[in-house]
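> Here is my input, please return the structure:
(chains A and B)
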Amino acid sequence: MLIAELYKLFKQRQVYYTFLGSLLLVVALIIVAKSGANLEIQIQTGSNIDLRPLINAYFVMGFTLTAGMPFLLPLFVSLNTSNIFTREFSEGTMRTYLVRVGGRRRIFINKVMANFIITVLLVAFTGVISFSLGAIFFGTEAKTFISPLLPIPIPFSWEDNFLPAYLCSSVCLMTIASLSVLWSVTSGATGETLLKTLSTIIILSLFSNIQRVRPYLFTSYLDIWNKAWSDPIPWAELNRGSLILLLYSLGFLVIAYIIFSRKDVLS
Amino acid sequence: MYGAGEPVIQTFGLTKSFKNKLAVDGLSLTVHRGDIYAFLGQNGAGKSTTIKMLLGLLYPSKGYAEILNTKVPGELCKVLPRIGVVTESPAFYPYLTGEENLSLYGGLLGIKDKKKIKDTLERVGLLGVKQKVSEYSQGMRQRLALGLATLNGPELLMLDEPTNGLDPQGIYEIKSIIRDMNKNGVTIFLSSHILSEVQEIASRVGVIHKGKLIAEGLVSELLAFGDRITVMASPRDLVLKVLKENPIVKDFTEDTDKFIIYIDKENVSTLNREMVNAGIDVFALIPVRSTLEDFFISITGDDNVNSGTLQAI
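Coordinates of the predicted model:
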């Protein structure tokens, strides 16, 4: 059934749009970097540093996450979730699926797995495409990486920086995917799922500014991936944040399953 | 085939309410193996709601059902491989072709044989159609749905308004397929509000009205010859005189070249004799068989449902 879910997913044009969106994001970043725009930043000593000579494939790869994670990548993930769940309800195919294949738990689990797979694939694609295009246009030679958020040149390492950053961003996006699953089983249209998911993230992100509630909101941990650029890397914080996000994911999915298993399929 | 076998569908006080509306009210029906059971009712009577409850798409507010001796919706998964279903307005993945849709479901049902998919497509007249389902007409979707429903060789076929949106040729083909499958031992449970179509193929009917099952029985019993005959005779004036003056004639209406007479069956020969004795040339005396429509209207015509001599529930 998982293969059937993935087959259906990759037969939908909308899914390719999300990958195309990631590609366009990378292309846009490269165009900006190549255009000779002022890429000077002020480092903590107060002096300016010109980033242009330091830009390489690793920089593009890191900066793609910085540019994509706040909005675009969650949007794409939410779109894919809508295609997996809400679209089936709104087009009536969930009814055919249920009466032909049956087993709501089986269907739910396989759809969630397909959702996670497509999310991880999207992150991996973003990483690969940003590194590849970055390597083509800027090379891979520089031995330091400028953290896009923390403007200090640090020695980069695949294992210590990029892998944890991309793994953590996958965890962040899986949490968003789980939230989307929750909203999608209660929505009648794909747009509704998108709106509910993004609104939830935006509103809770605002609440994350209140120190008293901050530790309890999942949105407070959606930027943990950028801790992988810190020097030294706060592994304990990174692990704790990832664990909290995974627990939130589990919570969203359990609630979504309870709703899905009791839902009357009217359309 | 006829419905003399074991029960394959049984509902026990099945009830469904949506907020304040009672859609199905304590429904208890039985479909036997070998039946072509027509589940009749006006639009909104509760037919689709009942079928959706049987298929686990809606959860009953009260009561339960059994399909092939398996309680549903709890253990529905166990019986799904043994049944075929055509839901009302069947939906398929619009971005796949008909063959891709069938192959997808076939794979999930454990049908690996591509020939079986092709045979099914051929049976429903869709072999070689390369269009995506989004470009299908309603009739093509309906036929694809029937193909999907019969893909796994079901022993029970449940069809919700199977002729919806079909042209006369399509309706004829669907009825042929239903008849053939029933001859091969498949029990058919179909809902419809088009009574003339159902009358030709159904062996048993159940009538649902405002959520309640108000009649159930064999079509042959429900549609027994009634108390009407068609008489073709002349001269007209003399016929009218005999009919007006004869107390055994309950009522009559005149059509262009015939009279529809309401009379008890045992008095028909007496009337014939009296007409001949009165010098009337009687060309034909034809008993009028009730139609499902007559029957349906007689029991659902007003709120005070009169089940009369029919098997009232």
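
> Look at B:T50 and give its secondary structure.
helix (DSSP: H, G, I helix; E, B strand; the rest coil).

> Check it and give its pLDDT.
B:T50 is assigned a predicted lDDT (pLDDT) of 93.

> can I assume it is in contact with B:F39?
Yes. Counting by C-beta atoms under 8 Å, B:T50 touches B:F39, with 7.1 Å between them. Yep, even glycine has a C-beta here, placed from its N, CA and C like the rest.

> intersection of neighbour lists for the two?
Jointly contacting B:T50 and B:F39 under the rule C-beta atoms under 8 Å, 6 or more residues apart in numbering or on different chains are B:191, B:208.

> And the closest residue to chain B within the stretch 101-250 of chain A, how far from A:I203?
Closest to chain B within the stretch 101-250 of chain A is A:G102: 4.3 Å, counting by C-beta to the nearest C-beta. With distances taken as C-beta to C-beta, to the nearest Å, A:G102 is found 37 Å from A:I203.

> How about B:L27?
45 Å.

> just B:Y172 next, same as before
58 Å.

> do B:G139 as well
48 Å.

> cool, and A:G62?
Applying C-beta to C-beta to A:G62 and A:I203 gives a distance of 28 Å.

> more crowded one of those two?
A:G62 (27 against 11; other C-beta atoms under 10 Å in any protein chain shown).

> thought the more buried one was touching A:F162?
Yes. Assessed by C-beta under 8 Å, A:G62 is found in contact with A:F162 at 7.3 Å.

> Neighbours of residue 173, how many?
Just so you know, I chose chain A. There are 26 residues near A:L173, going by other C-beta under 10 Å.

> let's do chain B instead
19.

> OK, contacts around it?
B:125, B:143.

> Find me the pLDDT at it, would you?
Reported pLDDT for B:E173: 82.

> any idea which helix or strand comes after the strand or helix carrying it?
B:E173 is part of helix B:168-183 when elements are defined by DSSP states H and E. Counting by DSSP H and E, the next helix or strand C-terminal to helix B:168-183 is strand B:187-192.

> tell me the pLDDT at B:L310?
B:L310 carries a pLDDT value of 37.

> swap that for A:I233, sorry
Taking A:I233 on its own, its pLDDT is 80.

> Could you find the closest non-adjacent residue to it?
Excluding the flanking residues, the one nearest A:I233 by C-beta to C-beta, 6 or more residues apart in numbering or on different chains is A:D160, at 6.0 Å.

> What distance do you get for that neighbour to B:L27?
66 Å.

> In terms of packing, which of those two has more residues around it?
B:L27 (25 against 16).

> Show the contacting residues for that one.
B:11, B:13-15, B:46, B:50, B:63, B:208, B:211-213.

> With A:L121 instead?
So A:L121 contacts nothing (C-beta under 8 Å, 6+ apart).

> Okay, helices next: where are they in the chain?
In the absence of a named chain, this looks at chain A. Secondary structure of chain A (DSSP state H): helices at A:2-10, A:13-34, A:57-68, A:72-84, A:86-90, A:93-100, A:104-138, A:163-184, A:190-207, A:235-262.

> You answered for a different chain; I wanted chain B.
Along chain B, counting by DSSP H, helices occupy B:47-54, B:76-79, B:98-108, B:114-123, B:138-150, B:168-183, B:195-199, B:219-222, B:236-245, B:268-277, B:292-300.

> show me what contacts the closest residue in space to A:D264 that isn't next to it in sequence?
Leaving out its chain neighbours, the residue that sits closest to A:D264 by C-beta to C-beta, 6+ apart is B:L58, at 4.7 Å. The contact partners of B:L58, taken as C-beta under 8 Å, 6+ apart, are A:264-266, B:16, B:49, B:52.

> again, but for B:V276
Taking C-beta under 8 Å, 6+ apart, we find B:V276 in contact with B:V282.

> likewise B:G125?
B:143, B:173.

> show me the contacts for B:K114.
B:S103.

> repeat that for 10 Å
Neighbouring residues of B:K114 by C-beta atoms under 10 Å, 6 or more residues apart in numbering or on different chains: B:99, B:103, B:106.

> tell me which parts of the stretch 51-200 of chain A are close to chain B?
Within the stretch 51-200 of chain A, the positions adjacent to chain B are A:87-88, A:90-106 by C-beta under 10 Å from any C-beta of the partner chain.

> Report the buried members of those residues.
Buried members of those, scored by 16 or more other C-beta atoms under 10 Å in any protein chain shown, are A:87-88, A:90-102, A:104.

> for those, which one is nearest chain B?
A:G92 (3.1 Å).

> nearest residue to the closest one other than its sequence neighbours?
B:A91 (3.1 Å).

> A:R106 now?
A:M1 (6.4 Å).

> gap between that neighbour and B:L108?
Taking C-beta to C-beta, one finds A:M1 at 6 Å from B:L108.

> Identify the contacts common to the two.
Common contacts of A:M1 and B:L108 (C-beta under 10 Å, 6+ apart): A:97, A:101.

> rewinding a little: ok now do the residue nearest to A:R106, which residues does it touch?
Counted by C-beta under 10 Å, 6+ apart, A:M1 has contacts A:97, A:101, A:103, A:106-107, A:109-111, A:113-114, B:107-108.

> for B:A284, same thing?
Applying C-beta under 10 Å, 6+ apart, the residues near B:A284 are B:229-233, B:258.

> Looking at chain B, which strand is longest?
Criterion DSSP state E: the longest strand present in chain B is strand B:7-18.

> With that, I have no additional questions.
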